[in-house]
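Visitor: Pasting the sequence and the predicted model now:
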Amino acid sequence: MGTFIFSNGKEVETKAVSPLLLQKVNESTPLPKPPTYTTVTVAGVEETHDHDETTIGEEDRAVWNQYLVDLEEAKVLVQERRMNIFFSRGLQFSVPEAGEPGGEWIEEQEYAGIVVPENRVARKVHYVETELISTLKDIPGLMNAIMKESGVSQEVIDTAGASFRAAVEETQDGQGDTPEGDQS
């Protein structure tokens, strides 16, 4: 097991997440099928093919655009589910409960109108998202630490990190730098 230190100084142990479990997450969310078109061959046989950007005509543009929206939503859902698995399985810590040291977070969030999940796994993920992660830049550092524990090659980790950093920079849209979490 490794250790990850968030930007706010809070520390957790990281552990491996099964790549087969992550594959199951991918399989559990089917991607939408692209719209199709039909052609007739010289021999008179009707064939159906998937549209792509080059085959879409104006008459199918609305259907194609909806497919792209649906595809992006499915990809986001898969990514969210994978992150939930990383947060629930890849971190070793106990969520402080009400009445325990550090458990005031529940009362504070409920007072703010935030629904704190009752389900143990959902509560752990919620705690990671709302109490441990204090900057968007904590997320790629945390994901990298868990992937490293899981035996993912440094090359793949670097590629994933670069992709996530670009998305974070887009989200922050010039809001300035924030400190990154530390892994040790």
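Guide: Yep, that arrived. Residues are numbered from 1 along each chain as shown.
Visitor: The helix of greatest length in the chain packs against which elements?
Guide: Longest helix in the chain, counting residues (DSSP state H): helix 61-89. On a contact count with 3 or more CB pairs under 8 Å, 6 or more residues apart in numbering; DSSP states H and E, helix 61-89 meets helix 19-28, helix 120-127, helix 138-149. (Each C-beta comes from the backbone N, C-alpha and C, glycine too.)
Visitor: Might you report the residue contacts of the residue in the chain sticking out farthest from the centre?
Guide: Computed with CA atoms, centre = their mean, the residue of the chain farthest from its C-alpha average is residue 43, at 48.3 Å. By CB atoms under 8 Å, 6 or more residues apart in numbering, the contact list for residue 43 is empty.
Visitor: per-residue pLDDT, it?
Guide: If you check residue 43, the pLDDT there is 92.
Visitor: now it, what's its secondary structure?
Guide: Following DSSP: H, G, I helix; E, B strand; the rest coil, residue 43 is assigned to coil.
Visitor: Low-confidence stretches in the chain?
Guide: Across the chain, the ranges flagged by pLDDT under 70 are 156-184.
Visitor: If we use 50, what do you get?
Guide: Across the chain, the ranges flagged by pLDDT under 50 are 174-180.
Visitor: Residue 61 versus the residue farthest from the centre of the chain, what's the distance?
Guide: Distance of residue 43 to residue 61, given as CB to CB, to the nearest Å: 30 Å.
Visitor: Good, wrapping up.
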